[in-house]
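J.: Structure of the sequence below:
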Amino acid sequence: MTMLKRLVAGTALGLIVASGAQAREMRVSSFEPPQGFYSAQILQAWIDEVNPKLSEGNAFKLYPGSMLGAPPAQAELVKAGVADVALVVPTYTPGLFPMSGVVEVPGIARTSAQGTAVLNALADEGFLAAEYADYKIIALFTTPGYRLLMKGNGASAPDDLKGLKLRTPSPFGTRLLEMMGASGVSIPAPQVYENLERGVVSGAVWVFDAYKTFRLDEVAPTVTTTRITASPMAILMNKASYEALSEDDRAVIDAMAGRGAAEWVAGVVDAADAALEQGFRDGGKVTFIDQEGEAAEAWAAALSSASELWVADQADPAAARAVLDRATAVASEATTN
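T.: Prediction:
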């Protein structure tokens, strides 16, 4: 929490509601269960920092476990005002946030810090203005790179995936799997365990926080550490809800939003990812197939045309090319810094 507290340190804010601003509870929607990583360590942590600084009567409250709507509905819930704030996965709603999906291209977001640097640079430079025009952005960030969580002996090389069905994170994730001869199956997060247990899929392309939250180590005990893709993530707020707050309360939100908030989230995400991986390694029940040197190069070669595929898939290839070029440059800078 140290970095998060620094975001608001030194900000002197009043606690009087301005004329016309009505105090109320503001709903924060999460599709994860209350104990899920993003529910507990990101959204609730953010709420716990913001609420004490708001005017009396104004407070955010977490509504976890898809209480307000299914995972793909989160962006619309915020836009419609059903939720005041929500955790949104932009790739769950194809077409709404097309340029944010650039971080799905292999190599753009190996860590959350790297992907978060990319998304915030794109936002600051206007590349994402159209897709977030209806929202107050609290934070844009990414997952760490997705690994392969597999049943049986797992996959040591891309050819090992041929003919297999895997849980895919997105339509573009499916395209990546198809490049390696596998098929992508879209499965809601809470149902992945059951589908792995029944053999409907042989694995999942996912991250360690989901691996723990949904106990997937019990049914997919082999992890291939190549980082195939990543997902963009966003915490978005309803514009009308934000604008209805007093000037002082909007200042509280502003101090807890934007690049600083995103970098805090990325730090929490990457630290948790590393700790969870180490915990699974130390536990001895999960087999890791580490990919380095020539092994890593084989995966890179299998996915070498992914960036061109992503550009070709976009409605405006010229705009997508500009976004990809900038994202690649920022990702390179983030790797060396």
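J.: Give the partner strands of the host helix or strand of residue 149 in its sheet and their orientations.
T.: Using DSSP states H and E, residue 149 falls within strand 147-150. When pairs are called by DSSP bridges, strand 147-150 turns out to pair with strand 203-206 (antiparallel), strand 222-224 (antiparallel).
J.: Please identify the deepest-packed of these.
T.: Comparing the strands paired with strand 147-150 by mean neighbour count (mean count of other Cβ atoms under 10 Å), strand 203-206 comes out on top with a mean of 26. Just so you know, the C-beta spots here come from the backbone N, C-alpha and C atoms, and that holds for glycine as well.
J.: Now do the helices in the chain.
T.: For the chain, applying DSSP state H gives helices covering 2-8, 37, 44-50, 74-80, 112-124, 171-179, 192-197, 208-213, 239-243, 247-255, 259-283, 293-302, 306-313, 317-336.
J.: Next, the contact list for the closest residue to residue 75 other than its chain neighbours, please.
T.: Spatial nearest neighbour of residue 75, excluding adjacent residues (Cβ to Cβ, 6 or more residues apart in numbering): residue 88 at 4.9 Å. By Cβ atoms under 8 Å, 6 or more residues apart in numbering, residue 88 lies in contact with 74, 75, 78, 233, 234, 235, 236.
J.: before we move on, the earlier item: residue 65 is nearest to which of the strands paired with strand 147-150?
T.: strand 203-206 (18.9 Å; Cβ to Cβ).
J.: Name the residues that touch the closest one?
T.: 146-151, 154-155, 164, 166-169, 173, 177, 187, 192, 196, 216, 220, 228-229.
J.: Any idea what the residue sitting nearest the centre point of the chain is bridged to?
T.: When Cα atoms, centre = their mean is applied to the chain, the residue found nearest the centroid is residue 233 (3.2 Å). For residue 233, the beta-bridge partners are residue 141 (DSSP bridges).
J.: could the helices of the chain go into TSV alongside mean neighbour count, distance to residue 138 and mean pLDDT?
T.: Formatted as TSV, the helices of the chain follow (neighbours: other Cβ atoms under 10 Å; distance: least, Cβ to Cβ, whole Å; pLDDT from 0 to 100):
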stretch	mean neighbour count	distance to residue 138	mean pLDDT
helix 2-8	14	12	45
helix 37	21	17	93
helix 44-50	19	8	98
helix 74-80	21	10	97
helix 112-124	24	12	98
helix 171-179	19	25	96
helix 192-197	18	27	97
helix 208-213	21	19	92
helix 239-243	15	9	97
helix 247-255	18	8	98
helix 259-283	18	6	97
helix 293-302	14	34	92
helix 306-313	17	26	97
helix 317-336	16	21	94
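J.: ok, the closest residue in space to residue 253 that isn't next to it in sequence to residue 202 distance?
T.: In this structure, residue 253 finds its nearest non-sequential neighbour in residue 242, 6.3 Å apart by Cβ to Cβ, 6+ apart. Here residue 242 is placed at a distance of 44 Å from residue 202 (Cβ to Cβ, to the nearest Å).
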